[in-house]
Structure formats: C-alpha cells, structure tokens
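Enquirer: how would this look folded up:
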Amino acid sequence: MTAGTRAEWQEWRGWRAAAQDALYAPGGFYRRAEGPAGHFRTSVHASPLFAGAVARLLCRVDEALGRPAALDFVDMAAGRGELAGGVLAALPANVAARTRVCAVEIAERPAGLDHRIEWLAAPPRGTTGLLFANEWLDNVPLEVAEVDAAGVTRLVLVREDGTERLGEPVDGEPARWLERWWPLPGEEGLRAEIGLSRDEAWAGAVATLRRGLAVAVDYAHTADTRPPFGTLTGFREGRETTPVPDGSCDLTAHVALDACALPGGRVLAQHEALRTLGVTGARPPLALASTDPAAYVRALASAGEAAELTAAGGLGDFGWLVQPVGVEDPF
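Expert: This next block holds a predicted model:
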C-alpha cells in the first residue's frame, strides 16, 4: 500500500466515516430486519444461561443500591431484544415488578417483543441500575492506521468496494491516543485501530447512569496483547469475510477495553465473570442418570452450553469492562 497525492485522497474516506454509513445509514447493515442474529452468534444467542447470569448480576446491583423502588436494566445494542427479554424472564418476580427494562437499538422495534420492554434509540439518562452493552463497542466505527515504507503512521483510507490506500499522517489527538495505548514501531505494514471513538462512546453511555453498574462485553485486547496488524474484519451469514463498507456485511474490530475504562473500572475475562455469576459448566453427577434420566439430560445440555460460554479460545475469552458508578463493585 502506498501513500497518494492530496487530490487522490479526496476520493477516499477514513474507515470511521465509511463504516458509519455502511452500518447505520438508512439501508445499512444494522437497519435490516434480520438483525445481528442473522449473521453472527453472540453469547446471548448461544444459551439462555447468559441472560440468566446477567439477571443475577442485576440482582447484585439491586442489593448494592439498597433495593431502590425503581430499578433500571438498559440493554445497549439490543439486536432484536433477545437479552432484554431473557433477563426479564429470569428475574425473580419481586425484582421484575419494579424493574424498567429498556432495549437500545436503532432498528425498528421487532414484532412480538414483550410489551414491558421499552424500545429506545438512545439510552435514557439518570438511570439507576445496570447498563449492559454486549458486543456494542466492536461496532462503533473507528479510524485505522498503518505504517508506510518511510516509517510514518498514516490513516488508512477506503473505498466502498473495500479497496484501501494510505492517507495523511496521523496527528493530534489520534496520534496521542496511539502513543499512549497502541504505539506502532516504525515497521512498514504494521496496523492499529484508533479507539478514541470507542472511548468516547463508552464514556457517554456510562454518563447516563446516576448510580449503578455499566458493563461492556466484547472481543477485546489489552496493552500487552495488541495484534500487530489490527483486527478489522467483516461477517456475513455466519462467516468471516473481507471487510467491505457497502452495507452488505457487519464491520467489526476488537476493542481496547483498557483504554475505554474510566477511573474505577476494570477488565475481566468472560469465563471469570460468568463463573462468579454461577455459570460453571460442571457436568451433572452420573448418579442422576439412573435416578432421573430426563433431569440428567437437561443438566448435561446446560453444562454443554455453559462450557461454550466459558471456553478458552472462544466466548470465554471475551472481555468484560466493569464500571461501577456510585456503588461498590458487585463482582
């Protein structure tokens, strides 16, 4: 890839603008009726155990808040409301009765969604409870940078067909972010994804909480595990594909959760967080197979689902950014 003239650069866009239109403009990927579940499988779709664990976390937050008269659960990037509905169903009746459940999504409200779930385009402000963002930040568009042959870090520009070239040198706040969070040695071809837009998006979401806990769950890396060539990719119909910003596929990049964290926040691995919330993957005792075969089969299936959610090298390696706001960390 080579840098071009300034006149040529004007024909191209940075990845942040290109992905913003491809994902969220009218007719974009996330405006489609099938929703994310039509193209990729998240922890929410893998097992109802995930929603059950989030419901238990909400109950912990409720306790930390002193059981307020009104409790909020905000599901960021709600897809088709699968997590919001699962959490509502898993809550004890006395907690569900005073819980306001909000699903935040830019797509239209799906037919048949539980009437108790509010459908919003942005998170409500001044909430008290749990804001949960499952695989949201990886779809917040960002700029991509690459080192050129002279050792200069430049913005990566892209056309709608996915063709890339290098643009202007990275400077200002993006350059300072790279220096702090993802420094690039001057070796040609090394890439980084500039996470400023994710940091800002997360800070804005956390700011909507008056008291409670905000959690971001995502593909993630931290300072000691930054990938040398970045992670930008596409997904279409369950398969990874070349990232093309034409609205035909999801565009995603792993999240530098350590950079997103605000004071008091910390990053856990999903397997650690879920086991703390009772999702262990332990096999049922063999004796149950003879005393209650049906119960044994159900327990075995549940153990398999738990194992998938907590598996090393898979969903268990997702990061959980846990951000308390005016309460003790419930983990």
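Enquirer: Could you chop the protein up by domain?
Expert: With domains defined by automatic domain parsing, the chain comprises 6-24+144-192, 29-140+197-324.
Enquirer: So for the first one, mean pLDDT?
Expert: Going back to what we said before, that points to domain 6-24+144-192. Averaging pLDDT along domain 6-24+144-192 gives 93.
Enquirer: Pull out the buried positions in the helix or strand containing residue 200.
Expert: Using DSSP states H and E, residue 200 maps to helix 196-206. Neighbour counts over helix 196-206 (16 or more other CB atoms under 10 Å) mark 196, 197, 198, 199, 201, 202, 205, 206 as buried. C-betas here are computed from N, CA, C, even on glycine.
Enquirer: measure residue 217 to residue 199 for me?
Expert: Distance, residue 217 to residue 199, by CB to CB, to the nearest Å: 17 Å.
Enquirer: now do residue 184
Expert: From residue 184 to residue 199 the distance is 18 Å (CB to CB).
Enquirer: Could you give the number of residues near residue 207?
Expert: 13 (other CB atoms under 10 Å).
Enquirer: show me what contacts it?
Expert: residue 125 (CB atoms under 8 Å, 6 or more residues apart in numbering).
Enquirer: quick one: it from residue 56, how far?
Expert: Distance from residue 207 to residue 56, by CB to CB: 26 Å.
Enquirer: How about residue 98?
Expert: From residue 98 to residue 56 the distance is 17 Å (CB to CB).
Enquirer: tally of neighbours for the closest residue to residue 219 other than its chain neighbours?
Expert: Spatial nearest neighbour of residue 219, chain neighbours left out: residue 254 (4.3 Å); criterion: CB to CB, 6 or more residues apart in numbering. A total of 22 residues lie near residue 254 under the criterion other CB under 10 Å.
Enquirer: Check residue 162 too.
Expert: If we define neighbours as other CB under 10 Å, then residue 162 has 15 of them.
Enquirer: The closest residue to it other than its chain neighbours: what's it in contact with?
Expert: Nearest residue to residue 162 in three dimensions, chain neighbours excluded: residue 244, at 3.8 Å (CB to CB, 6+ apart). With contact taken as CB under 8 Å, 6+ apart, residue 244 is in contact with 22, 160, 161, 162, 234.
Enquirer: Tell me the pLDDT of residue 244.
Expert: Model confidence at residue 244 (pLDDT) stands at 96.
Enquirer: Check the gap between it and residue 62 for me.
Expert: Taking CB to CB, one finds residue 244 at 44 Å from residue 62.
Enquirer: wait, isn't residue 77 in contact with residue 139?
Expert: Yes: in terms of CB atoms under 8 Å, residue 77 counts as a neighbour of residue 139; the distance is 6.9 Å.
Enquirer: Same question for stretch 208-222: list its buried residues.
Expert: 208-209, 211-221.
Enquirer: ok, back up a step: would you list the domains of the chain in TSV and tack on distance to residue 330?
Expert: Below are those laid out as TSV (distance: least, CB to CB, whole Å):
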stretch	distance to residue 330
domain 6-24+144-192	27
domain 29-140+197-324	4
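Enquirer: Roughly how far does residue 80 sit from residue 109?
Expert: 9 Å.
Enquirer: How about residue 326?
Expert: 31 Å.
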